[in-house]
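Undergrad: Show me the folded form of this:
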Amino acid sequence: MRRPVNRLRTGGALVALLALTTACGLSAEKPADQPTSTEPIVIGMSLPLSGPVADRAKPGMQGYQYWVDELNAGGGLLGRKVELKVLDDSFDQQTAISDYTRLIAQEKVDLLLGTFSSDLNVAVAPVAERYKYVYVQPSGGADEIFARDFKYLFFAQPATTQKLPDRFVELIAGLPAAQRPKTLALVQLDDPNTTQAAKLFGERLGALGVKTVYNKTYAPDTSNFDTIANAIKQAKPDLVINGSIAGDGISLIRSFQKVNFSPAQFYQLNTPTDPAFAKSIGAASTEGIFTYLAWSPEAKYPTNAGFVSGYTKQFKAAPSEDAANSYTAGQVLATAVKAVGKLDQTAIADWLHKNSVDTIVGPLNWDATGRPQGDMLLGQFQGGKLQIVSPKSAATSADVLFTKPAWSGS
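TA: Now for the predicted structure:
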C-alpha cells in the first residue's frame, strides 16, 4: 500500500504559506546580527532522517556532524563554538518548508545548511531566499532550483544536473556507430533531479541515434519493481538508465535479477555510491554499472585525505558521497563566514559570488544563480570497486567495460 507523498509542483502553496507566516507577525527579514558573544553559533537544517531516503540522510547527517566537530576542535567560527539544530522532514516538502520557516522565524538560528534531494530543495530554497539567509545545499542539482535567480542559494557540488550526462554521453559518442547501444530504457523516481536527468539522457543519446523504447516515472514510495522490470525486459533495451536516489535503485536491480533480465549497459544515479550497495545486490552483480560522482575518496585535493581518515575514525566506516557532500557544504559556509568576519548574510552571499572555495571536491565557484561551474566524474564498478573512468586526468582505471556481465547468479 502506497503512502501519499505531498508534492508542491507550483509556487502557489509556498507563497500562501509564506504569506501566512508574515500575517502571523513573523518578519521575512533576517534577524539582526547579535553583538559579539560567547554564545554558540547555531546552524539550522532539516533532513529526511525518516522516510524513503533515510538511509542516505544518515551518512549525510554524519558528514555535517564531523564537519562541526572538526570545526570546533579548531576553535569554531569567529571564536565561538558551533552547534547544529536538526529537524526531521521525513522527505516531505510541506514539512521541510515548515521546518526551515521555524528555524529562521522562531528558533532564529544564525546560519542555515541545506537538506537533501532536488525535491526538497526546490521547496526550501525560496524560504531561505525570502528571509535573506545564505542557503548552501549539499545535493539537489535540478535546474528549476536555480532558474529563479536566487541571490542566497549555492550548490556545494561541482556541477548541476544539466551537466550530469556529459561524461557518459561523450563515452558513447566516442564509440564506432556499430558498437553504440541502439535502444534505451529510462526509469526514474519522481524527483526534479532524476526526471530532468532522464530527459537529458534521452535527448542527448537520441541525438546519437539511440532510440528510447521505454520511459517510466515511479512514485517515491514504490517498493515493488517487478512489473516495471518485466516491462523493461519486454522492451529489450540495450541500455537502461535508472534515475534512482536510494533503496529504490537496489529494489529495481533485485527485480531485474528476479525476472532474469540483464541489460548490456546499465547507468544508475545516486544509489551506487551508497556504501551498502555492493552488499545489497551482491558484489559480483555490481560489475560494469556506471554512475556519476561528485566526490572521490582518492581525490588529491588538500583536505580530502584528512576528511576520509578523520570521518572513518569517528564513525568506524568510510565516508559515503552523501557524507562528503555535507562536509563540502560546511566547508563552503565556514570559509565564507571566516572571510567576511561576521554573521552578515548578504555579505556572506556577496563573498561567495565573487570568490572560489577550496573543498574536498576541488575549487568551487558559482555563477549569479548559485550554479557551480565544474564537472562531474564518471564512475564504473570494476572488480568490486567503484573506479573513476572519466575524465582521464582523474581516472583511477584506464579501462572501461562497455558490456556489463550478467547479474551474479542469473
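Undergrad: Am I right that Pro391 is in contact with Asp375?
TA: Yes: contact criterion Cβ atoms under 8 Å: Pro391 and Asp375 qualify, at 7.4 Å. Yep, even glycine has a C-beta here, placed from its N, CA and C like the rest.
Undergrad: list residues touching both of the two?
TA: Contact criterion Cβ atoms under 8 Å, 6 or more residues apart in numbering; residues shared by Pro391 and Asp375: Arg167.
Undergrad: which one of the two has more residues nearby?
TA: A count of neighbours by other Cβ atoms under 10 Å puts Asp375 above the other of Pro391 and Asp375, at 18 against 13.
Undergrad: tell me the SS of that one?
TA: Under DSSP: H, G, I helix; E, B strand; the rest coil, Asp375 falls in the coil class.
Undergrad: Then Asp350?
TA: helix.
Undergrad: Repeat that for Glu83.
TA: strand.
Undergrad: Which strand residues bridge it?
TA: Glu83 forms beta bridges with Val42, as assigned by DSSP bridges.
Undergrad: Strands along the stretch 151-300 of the chain, start to end?
TA: 153-155, 183-189, 211-218, 239-243, 265-268, 290-293 (DSSP state E, counting those that start in this stretch).
Undergrad: Find the centremost residue of this protein, please.
TA: Computing the C-alpha centroid of the chain and ranking residues by Cα atoms, centre = their mean puts Ser139 first, at 2.9 Å.
Undergrad: quick one: pLDDT of that residue?
TA: Note on Ser139: pLDDT of 93.
Undergrad: swap in Pro192?
TA: With respect to pLDDT, Pro192 scores 93.
Undergrad: Now do the residue nearest to it when sequence neighbours are not counted against Arg204, distance only.
TA: Nearest residue to Pro192 in three dimensions, chain neighbours excluded: Ala142, at 3.6 Å (Cβ to Cβ, 6 or more residues apart in numbering). Per Cβ to Cβ, to the nearest Å, Ala142 is found 17 Å from Arg204.
Undergrad: For those two, work out which one has more neighbours and name it.
TA: Neighbours were counted for Ala142 and for Arg204 using other Cβ under 10 Å; Ala142 has more, 22 against 17.
Undergrad: unless I'm mixing things up, the more buried one is touching Thr161, no?
TA: Yes: proximity of Ala142 to Thr161 meets the contact threshold set by Cβ under 8 Å, at 5.2 Å.
Undergrad: Find the residues that touch each one of these two.
TA: Joint contacts of Ala142 and Thr161 (Cβ under 8 Å, 6+ apart) are Ser118, Asn193, Gln196.
Undergrad: what residues are up against the last one?
TA: For Gln196, the contacting residues are Ser118, Ala142, Asp143, Glu144, Thr161, Gln162, taking Cβ under 8 Å, 6+ apart as the criterion.
Undergrad: I'd assumed Thr160 was in contact with the third one.
TA: Going back to what we said before, that points to Asp143. Yes: using Cβ under 8 Å, Asp143 makes contact with Thr160 at a distance of 6.3 Å.
Undergrad: Pick out whichever of the two has more residues nearby.
TA: Thr160 (24 against 16).
Undergrad: how much space between that one and Gln331?
TA: Counting by Cβ to Cβ, the gap from Thr160 to Gln331 is 19 Å.
Undergrad: Could you list the low-pLDDT ranges of the stretch 151-300 of the chain?
TA: Scanning the stretch 151-300 of the chain with the threshold set as pLDDT under 70 gives no residue ranges.
Undergrad: Phi first, then psi, for Thr160.
TA: Thr160 adopts backbone torsions of phi -90, psi 180, taken as degrees, to the nearest 10.
Undergrad: residues contacting it?
TA: Gly141, Ala142, Asp143, Phe146, Arg371, Pro372.
Undergrad: Does Tyr131 touch Gln106 like I think?
TA: No: taking contacts as Cβ under 8 Å, Tyr131 lies outside contact range of Gln106: 11.8 Å.
Undergrad: The two: which is more packed in?
TA: Tyr131 (24 against 10).
Undergrad: now that one: how far from Val240?
TA: 42 Å.
Undergrad: And the helices in this protein?
TA: Along the chain, the segments classed as helices by DSSP state H run 12-23, 54-73, 93-101, 118-130, 143-146, 166-173, 192-206, 226-235, 247-259, 277-281, 304-315, 321-340, 345-354.
Undergrad: Compare those helices and give me the one nearest Pro48.
TA: helix 54-73 (4.7 Å; Cβ to Cβ).
Undergrad: Report all helices and strands that that closest one contacts.
TA: Contact partners of helix 54-73 among helices and strands, from 3 or more Cβ pairs under 8 Å, 6 or more residues apart in numbering; DSSP states H and E: strand 41-47, strand 82-88, helix 304-315, helix 321-340.
Undergrad: for it, the distance to its chain's centre please.
TA: Put simply, helix 54-73 sits 15 Å off its chain's centre (Cα atoms, centre = their mean, to the nearest Å).
Undergrad: Buried residues, it. List them.
TA: 54-68, 70-71 (16 or more other Cβ atoms under 10 Å).
Undergrad: and the angle for that helix with strand 82-88?
TA: Angle, helix 54-73 to strand 82-88, by axes from the mean of the first three to the mean of the last three Cα atoms, to 10 degrees: 170 degrees.
Undergrad: Not counting helix 54-73 itself, show me its contacts.
TA: When contacts are defined by Cβ under 8 Å, 6+ apart, helix 54-73 is touched by residues 43, 45, 47-49, 77, 81-84, 86, 91, 113, 116, 138-139, 245-247, 270, 274-276, 307, 310-311, 314-315, 319-320, 322-327, 329-331, 334.
Undergrad: Quick one, which of these are buried?
TA: Those of these that meet the buried threshold are 43, 45, 47-49, 77, 82-84, 86, 91, 113, 116, 138-139, 245-247, 270, 274-275, 307, 310-311, 315, 319-320, 322-327, 329-331, 334, by 16+ other Cβ under 10 Å.
Undergrad: Check the gap between Ala334 and Gly60 for me.
TA: From Ala334 to Gly60 the distance is 17 Å (Cβ to Cβ).
Undergrad: same question, Val332
TA: In terms of Cβ to Cβ, Val332 sits 15 Å off from Gly60.
Undergrad: Then Asp119?
TA: 15 Å.
Undergrad: for Leu71, same thing?
TA: Leu71 is 17 Å from Gly60, by Cβ to Cβ.
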